[in-house]
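Asker: for reference, the sequence and a predicted model appear below.
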Amino acid sequence: FFFFFSSGSGFWSAPMAQSGGRLSKAGWMTKRGQFRKNWKRRWMVLVPERQVMEYYTYENDPKSKRGEIPLDSCAVIEAKDCLDKVGKDHCLGIVTKTNREWFMYSENAAETREWIRFIRIIARPRGVDGSAGGGAAAAAAATSKGSAAAAAG
């Protein structure tokens, strides 16, 4: 797998090549299709700014984009539960907020754990100001929870 910086100016020029960008992740995984349920190898790219995972037929070829998986507020199915569900080792699942299930697997368990870690970071709800995992919305929610707890206690 690759770690790369994305600044929006290029595609996946080179791992860690662009300074000032955001750290993200890209690499090969095998993804299950929605309708035929067949498995196809895809080049996966996490795009933190948009909270999506894009998938492509070919590495470094933006024209081969096949689709994207929305990661905002998604749930991740761990490898063990995924194995029980689809029978693939090193598998992970993503359940989007529309309840669509996506399944994919990587070459080994360490790589799958790394994908899960990055997806969970990206999937955190965004604050009003666009910051990951909080901002004004998180502060307001925490304040209202504290007020409700104080009133109940």
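Answerer: Yes, it's here.

Asker: hey, where'd the helices end up in the chain?
Answerer: All helices of the chain, identified by DSSP state H, fall at 79-86, 109-123, 136-152.

Asker: what's the least confident stretch among the ones you listed?
Answerer: Comparing mean pLDDT across the helices of the chain, the weakest is helix 136-152, with a mean of 35.

Asker: show me where pLDDT drops low in the chain?
Answerer: For the chain, residues meeting the criterion pLDDT under 70 lie at 1-23, 125-153.

Asker: alpha carbons only: can I get the longest strand that the chain contains in PDB?
Answerer: Counting residues, the longest strand found in the chain (DSSP state E) is strand 22-32. Output in PDB follows, covering the C-alpha atoms of strand 22-32 (Å, rounded to 0.1, in the frame of the first residue of the first chain):
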ATOM      1  CA  ARG A  22      -2.900  16.000   3.500                       C
ATOM      2  CA  LEU A  23      -1.800  12.500   4.300                       C
ATOM      3  CA  SER A  24      -4.000   9.900   2.800                       C
ATOM      4  CA  LYS A  25      -3.900   6.300   1.700                       C
ATOM      5  CA  ALA A  26      -4.000   4.400  -1.600                       C
ATOM      6  CA  GLY A  27      -3.500   0.800  -2.600                       C
ATOM      7  CA  TRP A  28      -4.900  -2.300  -4.200                       C
ATOM      8  CA  MET A  29      -7.900  -4.100  -2.700                       C
ATOM      9  CA  THR A  30     -10.400  -6.600  -4.000                       C
ATOM     10  CA  LYS A  31     -13.900  -5.300  -3.900                       C
ATOM     11  CA  ARG A  32     -17.200  -7.200  -4.100                       C
END
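
Asker: elements contacting that strand?
Answerer: Judged by 3 or more C-beta pairs under 8 Å, 6 or more residues apart in numbering; DSSP states H and E, strand 22-32 is in contact with strand 2-6, strand 39-47, strand 101-105, helix 109-123. C-betas here are computed from N, CA, C, even on glycine.
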